[in-house]
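Chemist: Sharing a sequence plus its predicted fold:
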Amino acid sequence: MKISLNIRNTNLDSEQNEEHCNGELFAPTCQHGEVVVIKKALYGRMNIGKCLTESELEAYGSQKTNPKFYGCKKDVTAFLSEVCSMKNRCDLRITDLDKFANGLCHPGLRLHLNVAYSCLKKFKASERSEEYCNGEFFRPVCENGEVIFIKKAHYGRMNIGRCLSEAGLEVFGSQRNNPKFFGCYKDVSLYLDEKCSLKNSCDVRIKELDKIVEGICGPGLELHLKIRYSCLKVVQLDDGCEMSASNEVKYVEASEISSRSRCASAGKSFSIEAPRGQNIKMTLQLLHQLEKKKQEGEEEEVMCDRVLGTIKYLNKDYMNICSNGFARDKDSLVKQEFVSSSDLIYVNFIQKISKNNMFLIKIEAVGCRDIIQPEDTWMQRSGDEMIIGCFMTKQKWYLRCLDRVWSGVIGNCSNSLPHSSETSSSKMKAGPQSKSDISKKQQLLVIVSICGMGVVACVTIICAGIICLKRCNMKQRKNLPNYYNSTPNNINVQQTMRLHHQHQPDLMNPVVQQYNTNMQSLQQQQQQQQLQLKYNNIGEDGDEGSQHLKEEDERYQVLDQQEVARETLVLL
């Protein structure tokens with residue numbers, strides 16, 4: 001918060017001069033909207049008055065001529081300013097000042113306080129315009145950590161107002177239309193800069209300006225001062241070689257940056273960094289030479305007067321810091337403002353700048369900082385515009401940077417429902433953090449699904465192999481003769497053959513011959529089928545194949561015997 005003081009009526013008559021005796025209270029109270037400003041405060045045994053009478057002093061005889069007894073005092077302005085200045089009221093016991101008077105005055109009579117103070121109107125503004133008459137004082141006071149910045153000051157006979165009335169001007173008749181009598185003035189900004197700029201307070205008698213504007217106006221009415229000034233909070237740099245830029249405006253004295261010579265000796269430049277995505281805006285203050293030419297209406301371009309340093313950014317671009325502005329090179333037109341195209345710049349001063357140069361730099365971050373990218377999205381930024389889209393869908397959302405805040409709607413890629421109507425960088429920080437748990441669960445679910453699908457695929461392949469093997473065996477069995485599929489009772493056939501042989505021995509001889517013939521032909525067929533089966537079963541395990549063939553041979557022998565017996569019975 002910037003606070004300056006309305007002191008247009010500040011003169012010798014507006015000060016309060018009070019005397020307070022030891023044992024009393026100093027309790028100044030100002031009206032609403034005003035603050036106490038301590039001008040002068042002395043504590044001791046100084047004068048005859050309310051606290052010290054002539055008769056009391058006479059009682060000590062020759063001691064009254066001793067300066068260590070009467071006339072001894074000490075300035076306590078700083079202490080009272082710390083207790084009361086810039087407050088609406090304060091309370092101070094006079095006995096609290098005794099600690100400053102140890103050994104100051106010989107013991108005897110009581111000490112007292114003489115104080116001069118004023119109640120000044122406090123206002124909140126970044127800039128203030130005031131008018132002061134000849135014979136008054138210009139006494140601006142800023143808060144701790146703030147300095148006075150003189151923007152413009154004209155002294156002369158310029159306008160009708162508090163110091164010059166219409167009636168007073170009419171007395172001079174036709175002289176009113178003479179520009180050397182009314183409307184005459186001179187810029188005294190540089191003079192007041194030396195007196196007040198970059199200071200917390202100052203005291204200037206308006207009549208001092210007469211020597212600067214001598215001959216600017218004709219004799220007659222008194223001259224007056226019109227001034228525009230403000231209180232700026234100046235950043236006190238630490239021992240490092242860097243500072244940060246933020247949305248809050250910061251003012252830095254150029255002499256503070258240039259004094260960082262140890263940074264250059266260590267191979268470092270003084271760096272200024274803004275949040276990622278924002279740019280850095282720098283403005284030079286106290287450029288009265290540049291402003292003066294503009295005020296006088298000169299049309300020629302103002303070039304770089306003297307190069308004091310350089311600003312580097314993006315490792316290739318640079319800008320010169322001139323004594324009258326910023327310029328790309330010495331022959332370029334100077335500008336009062338400079339905006340970088342990156343969030344990090346390096347400042348180097350060619351020569352050390354003294355405080356007498358009155359050089360002030362205004363630093364702030366502009367634009368919108370980068371937001372944290374939401375899950376499952378892509379981002380594309382171009383200056384003050386940004387596009388956010390989903391990887392899995394064609395959804396897109398458009399944002400625009402307005403006054404350092406991203407404005408727009410960002411939806412959710414999972415359900416495409418927008419969750420905000422205006423999104424700033426601070427609002428976007430919580431989004432990805434709240435989705436992190438969900439994304440972990442989704443990843444775990446995908447891994448489990450892949451493992452399950454692998455198990456199912458393996459089981460399916462094994463089952464398919466078993467089914468194919470069984471089908472091959474079934475096809476081989478279908479290719480065998482039909483009589484191999486029948487299973488007559490071998491025991492009954494043998495018994496029948498035995499009975500016929502016993503009861504009809506004569507008839508059995510041709511039958512036996514026929515039986516032997518049939519057996520030989522069947523054996524030949526059996527051998528051919530065995531060879532065919534061996535070729536078909538190549539590739540199977542040796543042991544299993546041989547065992548299978550052995551079992552088939554035994555089966556076929558049984559079937560052949562049954563078939564021979566059946567044919568023999570037919571013949572009988």
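Modeler: Sure, I can see it.

Chemist: Pretty sure residue 63 sits in a helix.
Modeler: Yes. Counting by DSSP: H, G, I helix; E, B strand; the rest coil, residue 63 is part of a helix.

Chemist: neighbours around it, how many?
Modeler: Each residue near residue 63 was counted by other C-beta atoms under 10 Å, and the total is 14. The C-beta positions use only the backbone N, C-alpha and C, and glycine is treated the same way.

Chemist: could you list every residue that touches it?
Modeler: Listed by C-beta atoms under 8 Å, 6 or more residues apart in numbering, the contact set of residue 63 reads 69-70, 106, 108.

Chemist: May I see the residues you listed arranged in TSV, with pLDDT, distance to residue 411 and neighbour count as well?
Modeler: Listed next are the contacts of residue 63 as TSV, based on pLDDT from 0 to 100; distance: C-beta to C-beta, whole Å; neighbours: other C-beta atoms under 10 Å:
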residue	pLDDT	distance to residue 411	neighbour count
69	91	87	18
70	92	86	21
106	89	86	15
108	87	87	13
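
Chemist: can you list those in a markdown table and add distance to residue 459 and secondary structure?
Modeler: Below are these laid out as a markdown table (distance: C-beta to C-beta, whole Å; DSSP: H, G, I helix; E, B strand; the rest coil):
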| residue | distance to residue 459 | secondary structure |
| --- | --- | --- |
| 69 | 116 | coil |
| 70 | 116 | coil |
| 106 | 113 | coil |
| 108 | 115 | coil |
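
Chemist: pretty sure residue 200 is touching residue 144, no?
Modeler: Yes. Contact criterion C-beta atoms under 8 Å: residue 200 and residue 144 qualify, at 7.3 Å.

Chemist: And the two? Which one has more around it.
Modeler: The residue with more neighbours, out of residue 200 and residue 144, is residue 200; 16 against 8, by other C-beta under 10 Å.

Chemist: pLDDT value on the more buried one, please?
Modeler: Per-residue pLDDT puts residue 200 at 85.

Chemist: after the one helix or strand residue 320 maps to comes which helix or strand?
Modeler: Per DSSP states H and E: residue 320 is located in strand 317-322. Using DSSP H and E, the next helix or strand after strand 317-322 towards the C-terminus is strand 325-327.

Chemist: what comes into contact with that next one?
Modeler: 282, 284, 287, 290, 302-304, 311, 319-320, 333-338.

Chemist: Buried only: go through those residues for me.
Modeler: Buried members of the contacts of strand 325-327, counted by 16 or more other C-beta atoms under 10 Å: 282, 284, 287, 290, 302, 304, 311, 319-320, 334-336, 338.

Chemist: which ones among these are found in strands?
Modeler: Judged by DSSP state E, the buried ones among the contacts of strand 325-327 include 282, 284, 311, 319-320, 338 as members of strands.

Chemist: Make a markdown table out of the residues you listed and add pLDDT and distance to residue 210.
Modeler: What follows is these, written out as a markdown table (pLDDT from 0 to 100; distance: C-beta to C-beta, whole Å):
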| residue | pLDDT | distance to residue 210 |
| --- | --- | --- |
| 282 | 89 | 38 |
| 284 | 81 | 31 |
| 311 | 88 | 42 |
| 319 | 86 | 42 |
| 320 | 85 | 40 |
| 338 | 86 | 39 |
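
Chemist: Which other helices and strands does the strand holding residue 320 contact?
Modeler: Other elements packing on strand 317-322 under the criterion 3 or more C-beta pairs under 8 Å, 6 or more residues apart in numbering; DSSP states H and E are strand 307-313, strand 325-327.

Chemist: partners of the first one in the sheet?
Modeler: For strand 307-313, the paired strands and their directions (DSSP bridges) read strand 317-322 (antiparallel), strand 344-349 (antiparallel).

Chemist: just how off-centre is that strand within its chain?
Modeler: The chain centre lies 25 Å from the centre of strand 307-313; the measure is C-alpha atoms, centre = their mean, to the nearest Å.

Chemist: Please apply the same query to the last one.
Modeler: For strand 325-327, the distance from its own C-alpha centre to the chain's C-alpha centre is 28 Å (C-alpha atoms, centre = their mean).

Chemist: so which of the strands paired with strand 307-313 gets nearest residue 206?
Modeler: Across the strands paired with strand 307-313, residue 206 has its closest neighbour in strand 317-322 (33.5 Å, C-beta to C-beta).

Chemist: Alpha carbons of the closest one, as CSV, please.
Modeler: Below are the C-alpha coordinates for strand 317-322, written out as CSV (Å, rounded to 0.1, in the frame of the first residue of the first chain):
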residue,chain,number,x,y,z
ASP,A,317,18.4,-11.2,-28.1
TYR,A,318,19.6,-8.1,-26.3
MET,A,319,18.5,-4.6,-25.4
ASN,A,320,20.7,-1.7,-24.4
ILE,A,321,20.0,0.3,-21.2
CYS,A,322,20.6,3.9,-22.1
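
Chemist: can you list the residues that contact that strand?
Modeler: For strand 317-322, the external contacting residues (C-beta under 8 Å, 6+ apart) are 284, 304-312, 326-330, 332, 334, 338, 341, 347, 349.

Chemist: buried ones in stretch 217-227?
Modeler: Within stretch 217-227, the residues that count as buried by 16+ other C-beta under 10 Å are 217, 221, 223-227.

Chemist: Tell me which of those residues has the lowest pLDDT.
Modeler: residue 221 (87).

Chemist: Understood, closing this out.
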